[in-house]
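K.L.:
Return atomic coordinates for the entry below.
(one chain, ligands or ions: 1)
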Amino acid sequence: MHPSLCHACNNLRKVTTDTPPNGKAHYHGLVKKIAIIGGGISGLTAAYRLHRLGVPCTLFEAGPRLGGIVETHREDGFVIECGPDSWVAEKPWARELAVELGLGDEILSSNDHNRLTYVLQNGTLVPMPEHMRMMVPQGQPGMDALLASPLFTDEAKRAYLNEPSRAAELKSYAAAHTHDDESVASFVARHFGQEVADKLAAPLLSGVFGGSIHKLSVNAVMAPFVALEQEFGSLITGLASRQRKGVSLFASLRSGLGSIVERMAATLPEKSIKLREKVLEMEQKGPLWSIKTAHSEELFDALLLATPPRQAASLLAPVLPESRHLLPQHASSAIIIALAFRDPFPLPHGFGFLVPEGSSESRLLAATFVDQKFPSRAPANGRVLRAFFADQDMMDLPDSVLVRLGLNELSSILGQPLPEPAISLVRRWPDSLPQYEVGHRERIATLEAKVATLGVLRLLGNGYHGVGLPDLVRQADEAAQWAASV
Ligand SMILES: Cc1cc2nc3c(=O)[nH]c(=O)nc-3n(C[C@H](O)[C@H](O)[C@H](O)COP(=O)(O)OP(=O)(O)OC[C@H]3O[C@@H](n4cnc5c(N)ncnc54)[C@H](O)[C@@H]3O)c2cc1C
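P.N.:
Numbers count the residues shown, from 1 in each chain. Below you'll find the predicted structure:
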């Protein structure tokens, strides 16, 4: 290969890639081949970033489309999310990516004036108190709302009122256990009692992670609250001192999150994306990685492994057998039933409801009143609802049965028969939410240290440092920059 001049900076280079679109950050060096396994938001973002840096890469995706769990269905004026529907607005990385992709004008804030979430309790949708950050009241408005809430007994309310005065005791506990992990249930119960753990933490956390608060690691899933405890002892006092105003809770895109996937995919050269190419084996050959699929075997200088943990475990096992025990052992599954209606019908004010873990009242995990949570999701007078199930044994039920079950559960909880939906979609996401169980952060640190000894390899995706889109985008960006520079 002959060196050529880079059109952007006039340096002699040995890469044959095009000058990146912005003509700024780009890579000069020997031709280097990078493989990415998995074309979800993690792998795709890494491929996009590498391409922007002027580094060629090959993205192997087992399925027929890019985006993984991120998928938007658009039909007759409805915008229906089949996986994630938003990102947490206070984390900037997904927003920054959207802006970079020319989607800045499309960014929507959640309708926070409508922000009310209910918990199903004794057959009734009981509103969760407003002005709460998860289970912690924000300032006086939060405490007032909590004291007025029918969700809690007087004992739980007393526990809330007392928590700030227990700051010294809580802080010294935190100091004595700085390096210890514990379950979310135990952390919440230490601050506010068991009732708050059961009634509020359990449905909130299982709504996001689909798992049990008795197993989830507080260090991995509630790190900001652990930091507040270390600094202030009291979470209520700590949060009051950190309060930020004016940031909406969630953000999304007018045309749906699928636009991020479509825009990134559109920038990549066709030959760099290999759909329906499941990687069967990765093997070290000297300093290189050999990647084997049913159709090819190719050598690469660097490898970004961006599959879910279960698939990562089987690919990594031959090169790093101990990875099996270090990767998350369990993942919860989700089934989404999305229903779009042309005609209006009344709904409780708010974003939706959660069902407490193990409830005998409903098999639903949660439901979202989509057109109330975000603008522009339905044409005038239309409605979009999403119902979530997490039962593994429902996975094999036919779509028509799942839609009927979803409609029946919603009708019964909302206390009204629902009209026939104009559009109904079912998506099954098996083992899609890895469980960050107690000790997760230490296990991942050990795993990453071992992976670092294997040559140019990084693990990406939702099994390691966060399941939300902003964190995944940030990690993919960092991994791409790293792979380009080593
Ligand atoms: C129902 C649900 C709702 C959610 N809602 C939100 C939300 O509102 N906001 C938010 O921030 N997050 C949300 N999340 C979390 C977030 O969507 C995921 O964590 C994220 O999309 C995972 O992206 P990923 O690229 O790491 O993995 P995935 O999207 O799972 O992609 C992994 C890809 O790897 C491919 N693959 C697997 N094995 C191989 C192989 N051997 N060879 C080649 N390819 C392979 C798969 O086909 C897949 O496409 C939600 C998750 C679920 C399940």
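
K.L.:
what residues does the stretch 151-300 of the chain put near the ligand?
P.N.:
Residues of the stretch 151-300 of the chain found near the ligand (CB under 6 Å from any ligand atom) are 278-279. All C-beta spots, glycine's among them, are computed from the backbone N, C-alpha and C.

K.L.:
Leu125 against Leu116, yeah?
P.N.:
No - the pair Leu125 / Leu116 is not scored as a contact, 9.8 Å apart, by CB atoms under 8 Å.

K.L.:
Quick check: neighbours shared by these two?
P.N.:
Shared contacts of Leu125 and Leu116 (CB atoms under 8 Å, 6 or more residues apart in numbering): Pro348.

K.L.:
how about low-confidence regions in the stretch 151-300 of the chain?
P.N.:
Along the stretch 151-300 of the chain, segments meeting pLDDT under 70 span 243-247.

K.L.:
can you give me the strands in the stretch 151-300 of the chain?
P.N.:
Here the stretch 151-300 of the chain has its strands, by DSSP state E, counting those that start in this stretch, at 250-253, 273-274, 281-285, 288-292, 297-300.

K.L.:
With mean neighbour count as extra columns, can I get those strands in CSV?
P.N.:
As requested, these are arranged in CSV below (neighbours: other CB atoms under 10 Å):
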stretch, mean neighbour count
strand 250-253, 24
strand 273-274, 20
strand 281-285, 14
strand 288-292, 19
strand 297-300, 15
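
K.L.:
Which one, of those, ends up nearest to Leu469?
P.N.:
strand 250-253 (10.0 Å; CB to CB).

K.L.:
What pairs with that closest one, parallel or antiparallel?
P.N.:
strand 87-88 (antiparallel), strand 107-109 (antiparallel) (DSSP bridges).

K.L.:
so of those strands, which one's packed in deepest?
P.N.:
strand 87-88 (a mean of 22; mean count of other CB atoms under 10 Å).

K.L.:
can you pull the contacts of Ala367?
P.N.:
Ala367 neighbours (CB under 8 Å, 6+ apart): 352-353, 385-388, 410, 413.

K.L.:
isn't there a strand covering it?
P.N.:
Yes - when DSSP: H, G, I helix; E, B strand; the rest coil is applied, Ala367 is found to be in a strand.

K.L.:
can you list the strands paired with strand 250-253 in CSV and add distance to Ala483?
P.N.:
CSV is the format used below for the strands paired with strand 250-253 (distance: least, CB to CB, whole Å):
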stretch, distance to Ala483
strand 87-88, 24
strand 107-109, 29
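
K.L.:
Any idea which of those strands gets closest to the ligand?
P.N.:
Smallest distance to the ligand across the strands paired with strand 250-253 (CB to the nearest ligand atom): 4.8 Å, for strand 87-88.

K.L.:
Any residue of the closest one touching the ligand?
P.N.:
Yes - Strand 87-88 reaches the ligand (CB under 6 Å from any ligand atom) through Trp87.

K.L.:
Contacts (any at all) between the ligand and the helix or strand just after that strand?
P.N.:
Downstream of strand 87-88, the next assigned helix or strand under DSSP states H and E is helix 93-100. No - against the ligand, helix 93-100 shows no contacts by CB under 6 Å from any ligand atom, the least distance being 7.3 Å.

K.L.:
buried sites along helix 93-100?
P.N.:
93-95, 97-98 (16 or more other CB atoms under 10 Å).

K.L.:
Quick check: the residue of the stretch 151-300 of the chain found nearest the ligand vs His191, distance?
P.N.:
The ligand sits closest to Val279 of the stretch 151-300 of the chain, with a gap of 3.8 Å, by CB to the nearest ligand atom. Here the criterion is CB to CB, to the nearest Å. By it, Val279 lies 45 Å from His191.

K.L.:
same question, Leu397
P.N.:
Taking CB to CB, one finds Leu397 at 40 Å from His191.

K.L.:
who has more neighbours, those two?
P.N.:
Applying other CB atoms under 10 Å to Leu397 and His191 shows that His191 carries more neighbours, namely 22 against 17.

K.L.:
wait, the more buried one sits on Ala167?
P.N.:
No - taking contacts as CB under 8 Å, His191 lies outside contact range of Ala167: 10.5 Å.

K.L.:
quick one: common contacting residues for these two?
P.N.:
With CB under 8 Å, 6+ apart as the test, His191 and Ala167 both reach Ser234.

K.L.:
does Glu442 count as helix, strand or coil?
P.N.:
Glu442 - assigned by three-state DSSP - is helix.

K.L.:
hmm, back to that, what's near enough to touch the residue of the stretch 151-300 of the chain closest to the ligand?
P.N.:
Val279 sits next to 37, 60, 62, 291-293, 307, 315 when contact means CB under 8 Å, 6+ apart.

K.L.:
Phi first, then psi, for it.
P.N.:
phi -80, psi 130 (degrees, to the nearest 10).

K.L.:
want to throw the strands paired with strand 250-253 into CSV with mean pLDDT?
P.N.:
Shown next, in CSV, are these (pLDDT from 0 to 100):
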stretch, mean pLDDT
strand 87-88, 94
strand 107-109, 94
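
K.L.:
will you turn the buried residues of helix 93-100 into CSV that also has distance to Val79?
P.N.:
Below are the buried residues of helix 93-100 laid out as CSV (distance: CB to CB, whole Å):
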residue, distance to Val79
Trp93, 22
Ala94, 17
Arg95, 18
Leu97, 19
Ala98, 15
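
K.L.:
Looking at those residues, which one is closest to Ala265?
P.N.:
The closest of the buried residues of helix 93-100, once distances to Ala265 are taken by CB to CB, is Leu97, at 13.3 Å.

K.L.:
Helices of the stretch 1-150 of the chain, start to end?
P.N.:
Applying DSSP state H, counting those that start in this stretch to the stretch 1-150 of the chain gives helices spanning 41-52, 93-100, 139-148.

K.L.:
Out of those, which one sits most buried?
P.N.:
Greatest burial across the helices of the stretch 1-150 of the chain, using mean count of other CB under 10 Å, falls to helix 41-52, with a mean of 27.

K.L.:
That one vs the ligand: in contact?
P.N.:
Yes - Helix 41-52 lies within reach of the ligand by CB under 6 Å from any ligand atom, at 41-43.

K.L.:
Switch the residues you listed over to CSV; also include pLDDT.
P.N.:
CSV is the format used below for the residues of helix 41-52 next to the ligand (pLDDT from 0 to 100):
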residue, pLDDT
Ile41, 98
Ser42, 98
Gly43, 98
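
K.L.:
ok, so of those, who is nearest the ligand?
P.N.:
Ser42 (3.4 Å).

K.L.:
what's the distance between that closest one and Ala167?
P.N.:
Applying CB to CB to Ser42 and Ala167 gives a distance of 39 Å.

K.L.:
hang on, the earlier thing: and Ser362, which of the strands of the stretch 151-300 of the chain is closest to it?
P.N.:
Nearest to Ser362, of the strands of the stretch 151-300 of the chain and by CB to CB, is strand 250-253 at 24.0 Å.

K.L.:
from the chain's centre, how far out does that closest one sit?
P.N.:
Chain-centre distance of strand 250-253: 13 Å, with CA atoms, centre = their mean, to the nearest Å.

K.L.:
Skipping adjacent residues, who's closest to Glu283 in space?
P.N.:
Ser290 (4.5 Å; CB to CB, 6 or more residues apart in numbering).

K.L.:
My read is that that neighbour contacts Leu299, right?
P.N.:
Yes - counting by CB under 8 Å, Ser290 does reach Leu299; the two are 5.5 Å apart.

K.L.:
May I see the buried residues of helix 93-100 arranged in JSON lines, with distance to His177 and pLDDT as well?
P.N.:
Below are those laid out as JSON lines (distance: CB to CB, whole Å; pLDDT from 0 to 100):
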{"residue": "Trp93", "distance to His177": "31", "pLDDT": "96"}
{"residue": "Ala94", "distance to His177": "33", "pLDDT": "97"}
{"residue": "Arg95", "distance to His177": "35", "pLDDT": "95"}
{"residue": "Leu97", "distance to His177": "37", "pLDDT": "97"}
{"residue": "Ala98", "distance to His177": "39", "pLDDT": "96"}
